[in-house]
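> Turn this into a structure:
(chains A, B, C and D)
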Protein chains: 2
Amino acid sequence: MTSIEDVARRAGVSPITVSRVIRNHPNVREETRDRVRQAVSDLGYVPNAVARGLKQSRSGLIALIITDMVDPFFSVVAHGVEDAVRKAGMMLVLGNSDDELALEMEYLRIMGEHRVDGIILVPTPRPAEFSFPSLPASLPIVVLDRSLPGIAADVVRCDTASGTAALCRHLLDRGRRRIAIVGGLPQTLTWHERVSGYQAVLREAGLTMPAEFVIAGNYKADSGVAAVQALMAAAERPDAIIAANAKVVRGVLDELVTLGFRIPEDVAVAAVDDPFPASKFWPRLTVVEQPGYEMGKVAVELLLRRLPPTSSNEMPREVIFGTELRIGVTCGETLAAGA
Amino acid sequence: MTSIEDVARRAGVSPITVSRVIRNHPNVREETRDRVRQAVSDLGYVPNAVARGLKQSRSGLIALIITDMVDPFFSVVAHGVEDAVRKAGMMLVLGNSDDELALEMEYLRIMGEHRVDGIILVPTPRPAEFSFPSLPASLPIVVLDRSLPGIAADVVRCDTASGTAALCRHLLDRGRRRIAIVGGLPQTLTWHERVSGYQAVLREAGLTMPAEFVIAGNYKADSGVAAVQALMAAAERPDAIIAANAKVVRGVLDELVTLGFRIPEDVAVAAVDDPFPASKFWPRLTVVEQPGYEMGKVAVELLLRRLPPTSSNEMPREVIFGTELRIGVTCGETLAAGA
DNA sequence: ACGGCAATTGACAACGTTGTCAATGACGCT
DNA sequence: AGCGTCATTGACAACGTTGTCAATTGCCGT
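This next block holds a predicted model:
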């Protein structure tokens, strides 16, 4: 591999001068600059960011660890992160934890070893006593979408409690009276929020649902399938189902169709996150949308503030976004009140 | 940052011995090994992969450059790549070119500078005379999904010609006689393939479509919207539309609904790629699916073969996958033959 | 002509790791 | 006892870059 020294030799200057030309330092004579540029191009020299990273103790890498890169929500988040990282002149390193703690730990370790300059993490739930792997001290972390108690980190998330509440109110408005909520991963902040939003609205409306109408899962399609099977096999069936995210709603819809139920005549379906984002689609689901792209972008901005040379030591900051209700056709016409 | 030397000092050994312990070299006495491990843990030492990378001339990074990370197909491809890369003990660096040549070039440059060990590239179309940016020599590249003439690289792609042909035949079977195909990016191999599959079947069936029934685009939703507007404003409307990918079909469906057309009564809709993968969904689109996950996985395998120490110098290899037709409800009942 | 200043260029060392080779000691074999 | 072999450990240098500081040059004003 040709190095800066080869270029220097060819241009008849010292390696340092080559380095200056590459980094556009002002103090190089125009003529020297040209000579170096010529040598660079003659030799096909490509600067070595690894060596530079070693010398400067900054790798130029930003890590993103998400739980499910195929989930439309996280895929949009990742896009927001990618754009912002690139605009900052850095590179994105992506890890998919699949909501497995061991994998997340593995990634944190590897990324620490690679000296990424910062980490954006969607943490998977962990036992309270669980300790963080040894990371390079002062490696800034931004927690995204969920919470991670005991770590002093900036947080970016979305108020899905009020979003779910809006969904729930919409269903009540449409005359639904037996509403279930399904599919979120227990011990995640996001599932907890969604359930509280749901419960708050029902309490407000003076309604009580059977405990079996709240069914946790794993935020994946099979949770939706299993939940529908359980719900529709019971004596008292729901007339509406709120799915906890875009993948769960897929399972819910699938299984309802498979079992022969009509949507929305028999059961209304709504979801947090849009399985088919930014589209009116046909036929359109009723959903609340989180601003995933923005969330990713802001996470990067928070991270960059913590980086040298401007590295700020402010208190951790929490940025909370709102959601947007998008009404589709899966919640049906108004039914006669009272189920 | 604590370094291997600090650990060595604390354990009363030389840095090399610490290095051996970390890398599990066999030739270290058990007692020494323990002492070093203790020191590592006492000091919270994290090995520096940047320094190691510099010394060994391998970064442990694999780069993936895709054209649209939010597209369901590429998002699944990326997942396949991520899994395989992790299992190989490396890290994934992700770039999104947005089908812009300048961005792709920028990424290739940065990734070259970072000395990634290999690149998986979905190339965006480029003028024939366009030259590749100067990359470190011998940096292996695998071309994914499309083609990149003039580069000796392994290729992984999918035979969407036959897939599109199957879709087209299915539509003919259902009685459709005026079939349009829309939305692919001109000059991409994939769009070219899809159009040829379509044309081959029509030729076979002795049918001729107006030239306006083939409408290129940019593989994004707005291509679908624009195509529908053009098609449905014409005197002779199609009775079926094949969308070139998952995002285009979204635009197609949206715009058809917006304009008041019924699916499939007025127009059948089919697509290459599933906007909502691995689901029976409701209501189900008729699509041909590409095995994105497998494609990503195989791309990594091809790349790894080219890496030291086993680095193979075999001729470039091309792996071509097949597609699977999944029949949904958007192609409707059989119509009377003859439009 | 001379001191002072800015522009330009370079020497040296260091970032943290590991490949190569050598040194040391222990052990078994003849 | 003398030899070779193996396990264990370390010294040195190098990977490619850049921060720090110093040296050189040219030019200005007085």
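> check contacts around residue A:142.
A:118, A:119, A:120, A:121, A:153, A:154, A:155, A:156, A:299, A:302, A:303 (CB atoms under 8 Å, 6 or more residues apart in numbering or on different chains). Backbone N, C-alpha and C define where each C-beta goes, glycine included.
> make it 10 Å
Residue A:142 makes contacts with A:62, A:64, A:81, A:118-121, A:153-156, A:298-306, A:316-317, A:319, as judged by CB atoms under 10 Å, 6 or more residues apart in numbering or on different chains.
> For chain A, which segments count as helices?
Taking DSSP state H, the helices of chain A run over residues A:4-11, A:15-22, A:30-43, A:49-56, A:72-87, A:101-113, A:160-173, A:189-204, A:221-233, A:246-258, A:292-305.
> The nearest residue to residue A:317 once chain neighbours are set aside: how many residues sit nearby?
Closest residue in space to residue A:317, ignoring its immediate chain neighbours: residue A:154 at 5.0 Å, by CB to CB, 6 or more residues apart in numbering or on different chains. Per other CB atoms under 10 Å in any protein chain shown, the neighbour tally for residue A:154 reads 23.
> How about the one 10 residues further on?
Other residues within reach of residue A:164, judged by other CB under 10 Å, total 29.
> on that earlier part again, looking at the helices of chain A, which one is packed in the most?
Most buried of the helices of chain A by mean neighbour count (mean count of other CB atoms under 10 Å in any protein chain shown) is helix A:246-258; its value is a mean of 25.
> Looking at the stretch 101-250 of chain A, what residue ends up closest to DNA strand D?
Nearest to DNA strand D, among the residues of the stretch 101-250 of chain A, is residue A:115, at 13.1 Å (CB to the nearest atom of the strand).
> number of nearby residues for that residue?
As a burial measure, residue A:115 scores 23 neighbours (other CB under 10 Å).
> That one and residue A:318, how far apart?
27 Å (CB to CB, to the nearest Å).
> same deal with residue A:191?
For residue A:191, the distance to residue A:318 equals 19 Å [CB to CB].
> one step back: just to check, the residue nearest to residue A:317 is in contact with residue A:306?
Yes. Residue A:154 sits in contact with residue A:306 when judged by CB atoms under 10 Å, with a separation of 7.7 Å.
> Next, show the common contact partners of these two.
Common contacts of residue A:154 and residue A:306 (CB under 10 Å, 6+ apart): A:140, A:141, A:142, A:314, A:316.
> just for the stretch 1-150 of chain A, where's the confidence low?
Within the stretch 1-150 of chain A, not a single segment meets pLDDT under 70.
> Spell out which residues of it are next to DNA strand D.
Proximity of the stretch 1-150 of chain A to DNA strand D, by CB under 7 Å from any atom of the strand, involves residues A:1, A:3-5, A:15-16, A:19, A:22-23, A:47-48, A:51-52, A:54-56.
> among these, which are within reach of chain B?
When contact is defined as CB under 10 Å from any CB of the partner chain, these meet chain B at A:1, A:47, A:48, A:51, A:52, A:54, A:55.
> Among those, give me the pair with the biggest separation.
Maximum pairwise distance among these (CB to CB): 16.8 Å, between A:1 and A:55.
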